[in-house]
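Participant: below is the structure, and that's it, no one-letter string:
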């Protein structure tokens, strides 16, 4: 018998990503977002959902572009900070000391120090309620050489991304490898 | 200098969730999905994106409902299996031995043995490309008593959910707590 917790945005895992945008004056901004996920393989797309009140929402609406910046654990303080203050009144790059890099593919900046970034072009905007969902086509994924495995792909254990727990408002790291997909299921 | 990996659905973390549906004959089905995420707070919504070729896609299109079932690590074999075979030809509940429970809120079944489930009513369908995105309003979240913390909320360390790594096709567990959100950022 399960207990009812109510109609809440409570599910695990959700990501702690940082969304990069330019404002109308061309100033780079970043904000933390946990409401996001992959939503299509062809074309490759990722969605991020932002409240209309955020500075980034206005930026994406105008620029039609954003980056998804995947932090490693060591940037957990910066990740949290980027969700606490608004780019309307604060230059978050300046305060944090992190470095904006202008994407050559989309009209948005990414964070040099983060190990994995996605450069996205908005192909659809869905007004849901408090949040607007921006569906971005992933034009490229870029990663630090240091986080690539022997297959030339970013490895989750080297990226060391951050998991967010809604409601409990906690951050966790990634744990041990449980096994390989499309393999374990053969035991059933 | 970052290395270009190409336009791929490669980001961390993505979830390993199991989506529950009824087929037109009322038979319960489940499939594993990593393309999903929260997409609105008010109303609380979660999106799951499925290929049109899947049996579950047809089921949701007709029933306008689905459940998101969050596995604990110990069901990793079942999670992987649910992504390997189609409900068109296989009764995955029967083969796995897991138990479907009829939701009283939406026209979809959830998995009794999984610690955390979301009951969702489709409020919007977005055709993106290979995948269709189903946006579900979360009508209720249900959890096993055993995974609730002292605040009466499911705790990620007790649920022990599964993280999927796209491209590398690996499953990982959740790691150690890094800290509390809206707190760590004050150090910046």
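Facilitator: Noted; the coordinates are in hand. Source: prediction; values computed, not measured.

Participant: C-alpha only now, for contacts and for neighbours.
Facilitator: OK.

Participant: buried residues, stretch A:70-83. List them.
Facilitator: A:70-73, A:75-83 (16 or more other Cα atoms under 10 Å in any protein chain shown).

Participant: near chain B, list only the ones from the residues you listed.
Facilitator: A:70, A:73, A:76, A:77, A:78, A:79, A:80, A:81, A:82, A:83 (Cα under 8 Å from any Cα of the partner chain).

Participant: okay, the spatially closest residue to the fourth one that is not a sequence neighbour: pLDDT?
Facilitator: Same thing as residue A:77. Counting by Cα to Cα, 6 or more residues apart in numbering or on different chains, residue A:77 lies nearest to residue B:185, which is 4.7 Å off, once chain neighbours are set aside. Residue B:185 is assigned a predicted lDDT (pLDDT) of 95.

Participant: again, but for residue A:48
Facilitator: 98.

Participant: I'd like the distance from the longest helix anywhere in chain A to the chain centre, please.
Facilitator: For chain A, the helix that runs over the most residues, judged by DSSP state H, is helix A:55-63. The chain centre lies 15 Å from the centre of helix A:55-63; the measure is Cα atoms, centre = their mean, to the nearest Å.

Participant: how about the strands in chain A?
Facilitator: Assigned by DSSP state E, chain A shows strands spanning A:3-6, A:14-15, A:17-22, A:28-33, A:36-40, A:45-51, A:65-70, A:100-102, A:109-111, A:116-127, A:131-143, A:163-165, A:170-180.

Participant: strand partners (parallel or antiparallel) of the fourth one?
Facilitator: For strand A:28-33, the paired strands and their directions (DSSP bridges) are strand A:17-22 (antiparallel).

Participant: and for the first one?
Facilitator: Partner strands and pairing direction for strand A:3-6 (DSSP bridges) are strand B:131-143 (antiparallel).

Participant: what angle separates the strand it pairs with from strand A:36-40?
Facilitator: With axes from the mean of the first three to the mean of the last three Cα atoms, to 10 degrees defining the directions, strand B:131-143 sits at 140 degrees from strand A:36-40.

Participant: next, the angle from strand B:131-143 to strand B:45-51.
Facilitator: Here the directions of strand B:131-143 and strand B:45-51 differ by 130 degrees (the same axes, to 10 degrees).

Participant: and strand B:131-143 with strand B:116-127, angle?
Facilitator: 160 degrees.

Participant: looking at the strands of chain A, spot the one closest to residue B:49.
Facilitator: Residue B:49 lies closest to strand A:36-40 among those, at 5.3 Å (Cα to Cα).

Participant: sheet-wise, list the partners of the closest one with their directions.
Facilitator: Sheet pairing for strand A:36-40, using DSSP bridges, gives strand A:45-51 (antiparallel).

Participant: and the partner strand with strand A:65-70, angle?
Facilitator: 100 degrees.

Participant: which residues make contact with strand A:45-51 from outside it?
Facilitator: A:33, A:35-40, A:56-57, A:130-138, B:9, B:39-40 (Cα atoms under 8 Å, 6 or more residues apart in numbering or on different chains).

Participant: in PyMOL, how would I select just the buried ones from the residues you listed?
Facilitator: A single PyMOL command selects the buried members of these (16+ other Cα under 10 Å):
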select buried, (chain A and resi 33+35+36+37+38+39+40+56+57+130+131+132+133+134+135+136+137+138) or (chain B and resi 9+39+40)
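
Participant: quick one on the thing from earlier: for residue B:19, which of the strands of chain A is the nearest?
Facilitator: strand A:36-40 (14.5 Å).

Participant: what's the average pLDDT for stretch A:99-112?
Facilitator: 98.

Participant: over to stretch A:121-129?
Facilitator: 98.

Participant: how close does the nearest residue to residue A:148 once chain neighbours are set aside get to residue A:171?
Facilitator: Leaving aside its sequence neighbours, residue A:148 sits nearest to residue A:154 (Cα to Cα, 6+ apart; 4.3 Å). Separation of residue A:154 from residue A:171 (Cα to Cα, to the nearest Å): 21 Å.

Participant: again with residue A:67
Facilitator: Counting by Cα to Cα - residue A:67 and residue A:171 are separated by 21 Å.

Participant: what's the answer for residue A:70, then?
Facilitator: Distance from residue A:70 to residue A:171, by Cα to Cα: 14 Å.

Participant: now the common contact residues for those two.
Facilitator: residue A:162.

Participant: quick revisit: for the longest helix of chain A, packing partners?
Facilitator: Helix A:55-63 sits against strand A:17-22, strand A:28-33, strand A:45-51, with contacts defined as 3 or more Cα pairs under 8 Å, 6 or more residues apart in numbering or on different chains; DSSP states H and E.

Participant: so which of those has the densest surroundings on average?
Facilitator: Of those, the one with the most neighbours on average (mean count of other Cα atoms under 10 Å in any protein chain shown) is strand A:17-22, at a mean of 28.

Participant: now the residue lying closest to residue A:172 once chain neighbours are set aside: how far from residue A:108?
Facilitator: Excluding the flanking residues, the one nearest residue A:172 by Cα to Cα, 6+ apart is residue B:177, at 4.3 Å. According to Cα to Cα, residue B:177 and residue A:108 sit 31 Å apart.
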